[in-house]
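Chemist: just need the structure, nothing else, for what follows:
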Amino acid sequence: MVKQNSAKSLPHSLPSDFKKALSGSLKAKAVWEEITPLAKNEWVCWATSGKKEDTRHIRIKKAVSKLSGGMRRPCCWVGCPHRE
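Modeler: Here you go, the predicted model:
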């Protein structure tokens, strides 16, 4: 899942399952389009960093819900450990 993005030096890109989940919510998609690349990177890292596939699915669902509610960054999370 870690992909180096040299233009912004952010290690994560939006995975297809997260993108599909976002497309199912107009509110979440609208917030996603407004947030910074760093915030997007942190949402992707948080949602995909779980060790189990079930955890990943739960976090993606939770991320879409929180984005729909207007939350712009994952709460109570130390941030992406993959950034330089």
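
Chemist: now do the SS call for residue 11.
Modeler: At residue 11 the chain is in strand, as set by DSSP: H, G, I helix; E, B strand; the rest coil.

Chemist: setting aside sequence neighbours, what's the nearest residue to it?
Modeler: residue 82 (4.1 Å; C-beta to C-beta, 6 or more residues apart in numbering). The way it works is simple: take the backbone N, C-alpha and C, and place the C-beta from them, glycine included.

Chemist: convert the C-alpha atoms of the helix or strand encompassing residue 54 to CSV, please.
Modeler: Assigned by DSSP states H and E, residue 54 falls within helix 53-68. Extracted in CSV, the C-alpha atoms of helix 53-68 (Å, rounded to 0.1, in the frame of the first residue of the first chain):
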residue,chain,number,x,y,z
GLU,A,53,-8.5,-7.2,6.4
ASP,A,54,-11.6,-6.8,8.6
THR,A,55,-10.0,-3.9,10.5
ARG,A,56,-9.3,-2.2,7.1
HIS,A,57,-12.9,-2.6,6.1
ILE,A,58,-14.2,-1.3,9.4
ARG,A,59,-11.8,1.7,9.3
ILE,A,60,-12.8,2.6,5.7
LYS,A,61,-16.4,2.5,6.7
LYS,A,62,-15.7,4.6,9.8
ALA,A,63,-13.6,7.1,7.7
VAL,A,64,-16.5,7.6,5.3
SER,A,65,-18.9,8.2,8.2
LYS,A,66,-16.6,10.7,9.9
LEU,A,67,-15.8,12.5,6.7
SER,A,68,-19.6,12.7,6.0
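
Chemist: that one - what's its average pLDDT?
Modeler: Averaged across helix 53-68, pLDDT comes to 96.

Chemist: for that helix, buried residues please.
Modeler: Residues 56, 59, 60, 63, 64, 66, 67, 68 are the ones in helix 53-68 that count as buried (16 or more other C-beta atoms under 10 Å).

Chemist: from residue 26, how far out is the first one?
Modeler: To tie it back to what came earlier, the one meant is residue 56. From residue 56 across to residue 26, the span is 23 Å (C-beta to C-beta, to the nearest Å).
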